[in-house]
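# my questions concern the predicted model and sequence given below.
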Amino acid sequence: MNFNFLKQFHFCIYTAGFLIPLILTTSVNAGVPLDRIVAIVNEDVIMQSELRNKLRALINQISEQNTQLPPRDIMERQVLEQLIMNKLQLQFAANTGILVDDETLNRAISNIAAENKVNLSQFREILERDGYSYEAFREDIRNEIVIARLRQRQVDNRISVTDREIDYHLANEEVQGGIETEYRLSHILIAIPEDATPEEIEQVKLVAGKALEDLANGEDFAKLARTISDGQQAQDGGDLGWRKADDIPNLFAGQVSTLQEGEVSELIQNPSGFHIIKLTEVRSGDKFMVTQTLARHILIRPNELVTDNDAKTRLEQLLIRLKGGDNFEELARSHSEDPGSAVNGGDLGWSNPGDMVPEFENEMNRLEPGEISEPFRSPFGWHIVQVLERRQHDNTEDLKRARAREIIRARKIEEAQLNWLRDLRDEAYVEYRLDDI
């Protein structure tokens with residue numbers, strides 16, 4: 001098995017729909033030159049070694065994709081700014097008491113190892129064999145979890161979407177005639193540094209032009225986005241998700257209207273940089289039909305006094321009584337430990353696909369109307385379930401409202417995060433010393 005992918009692997013922490021990328025940067029090298037300060041961030045500093053390691057990892061990623069490197073000074077500035085913003089967020093988190101315990105950290109790293117189909121011991125060996133410090137890697141992951149929790153607390157959890165906002169969004173869609181078609185877009189941004197000279201802008205344009213050429217020659221858009229894009233969705237392959245026509249930024253709308261599914265735009269320039277858009281998919285707003293299930297159940301929860309086997313045995317005895325003709329509703333009212341449904345005779349109401357936990361839904365889906373399951377386990381305890389009826393249901397309106405809520409919330413979070421980070425940066429003392437090296 002080839003584990004060289006670790007040199008370019010991006011570890012990600014997901015929180016409330018927000019993705020935070022982490023690039024492996026901490027390596028072990030002999031003969032490291034004398035370290036120097038490249039930036040002062042409030043009462044903390046960023047060392048040249050931190051910048052060097054981060055920059056080296058980024059260069060390795062781009063080189064392994066056979067993609068032209070941007071000018072080194074531009075890359076240095078971009079990487080340094082990212083380190084500064086991370087440092088500011090970690091300082092804020094420390095001052096407000098956000099901590100990540102070792103148990104949470106170990107679980108996150110174990111999940112990363114499992115996703116790469118190795119155990120934790122093998123994962124550590126791979127890291128160290130490829131020149132990465134495992135302990136430093138742990139702290140990188142810890143920091144990323146801290147930042148994710150910080151952003152969730154300071155921004156994401158404060159975002160709400162009202163029914164009135166959803167109604168207005170849907171009404172606006174109807175007025176603008178964009179309700180019938182949705183577009184899934186992917187995005188690459190090659191950023192122009194602030195106060196860039198004409199020569200620097202030309203260099204950035206060359207990089208963007210090379211990316212466009214690579215795409216024309218068959219390069220995978222998502223892979224290229226992960227490698228070179230400066231956009232917020234870079235580590236998600238540049239995926240901007242599904243958007244109605246009126247949700248497409250004006251900058252891209254003109255290009256999207258001329259593209260066929262799968263086609264890539266020409267370079268689009270604005271003050272932030274050069275953009276490339278791909279129209280990944282198109283779908284119509286047809287009716288969305290789902291199979292709904294009406295079911296009822298009896299739940300027995302294991303606890304300090306009731307073992308797992310005891311709970312299962314109690315349900316087996318109840319199942320015998322049901323097969324003997326006892327009334328399901330009466331047994332549910334008397335024995336079920338699900339307070340939400342027991343008072344209604346175990347009735348769960350009509351459920352859509354995905355409403356129930358997978359263990360429950362899988363058992364329920366195996367049953368024909370009228371059939372009762374054998375006892376089975378879910379995270380909530382032991383169940384028996386009876387399917388009463390199934391029907392086809394037009395779920396279009398619910399889906400439209402759910403999508404509208406998602407669009408509005410994502411837009412609000414993006415704007416709020418940018419404003420919060422801008423305020424954090426404006427209130428900080430930052431002194432650059434990169435030019436002194």
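Nice, thanks for sending it over.
# show me what the residue lying closest to residue 350 once chain neighbours are set aside is bridged to.
With Cβ to Cβ, 6 or more residues apart in numbering as the criterion, residue 350 has its nearest non-adjacent residue at 4.6 Å, and that residue is residue 292. Bear in mind the C-beta positions are built from the backbone N, C-alpha and C, glycine included. Beta-bridge pairing for residue 292 (DSSP bridges): residue 391.
# residue 292 contacts residue 388, correct?
No. Residue 292 lies out of contact with residue 388 (Cβ atoms under 8 Å); the separation is 11.3 Å.
# so where's the stretch 251-400 of the chain uncertain?
For the stretch 251-400 of the chain, applying pLDDT under 70 flags the ranges 284-287.
# ok, which stretches of it are helices?
Ranges of helices within the stretch 251-400 of the chain are 308-323, 328-335, 339-342, 358-366, 396-426, based on DSSP state H, counting those that start in this stretch.
# which stretch among these comes nearest residue 205?
For the helices of the stretch 251-400 of the chain, proximity to residue 205 was assessed by Cβ to Cβ; helix 396-426 is nearest, at 24.9 Å.
# what is that closest one packed up against?
Helices and strands touching helix 396-426, by 3 or more Cβ pairs under 8 Å, 6 or more residues apart in numbering; DSSP states H and E, are helix 72-95, helix 134-154, helix 163-176, strand 239-244.
# so residue 38 sits in a strand?
Yes. Counting by DSSP: H, G, I helix; E, B strand; the rest coil, residue 38 falls inside a strand.
# in the helix or strand harbouring residue 226, what counts as buried?
Here residue 226 sits within helix 221-228, counting by DSSP states H and E. Within helix 221-228, the residues that count as buried by 16 or more other Cβ atoms under 10 Å are 221-222, 224-228.
# for that helix, output the C-alpha coordinates as CSV.
Presented in CSV, the C-alpha positions along helix 221-228 are these (Å, rounded to 0.1, in the frame of the first residue of the first chain):
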residue,chain,number,x,y,z
PHE,A,221,-11.5,20.2,-11.2
ALA,A,222,-11.9,19.2,-7.5
LYS,A,223,-8.3,18.0,-7.3
LEU,A,224,-7.0,21.2,-8.7
ALA,A,225,-9.2,23.3,-6.4
ARG,A,226,-7.9,21.5,-3.4
THR,A,227,-4.4,22.1,-4.6
ILE,A,228,-4.3,25.8,-5.7
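# got the angle for it vs strand 239-244?
Here the directions of helix 221-228 and strand 239-244 differ by 130 degrees (axes from the mean of the first three to the mean of the last three Cα atoms, to 10 degrees).
# give the rounded mean pLDDT of helix 221-228.
The pLDDT scores in helix 221-228 average 90.
# residue 243: neighbouring residues, count only.
The number of residues packed near residue 243 is 19, by other Cβ atoms under 10 Å.
# touching, it and residue 181? I think so.
No. Using Cβ under 8 Å, residue 243 is not in contact with residue 181, being 10.2 Å away.
# nice, that's everything, thank you.
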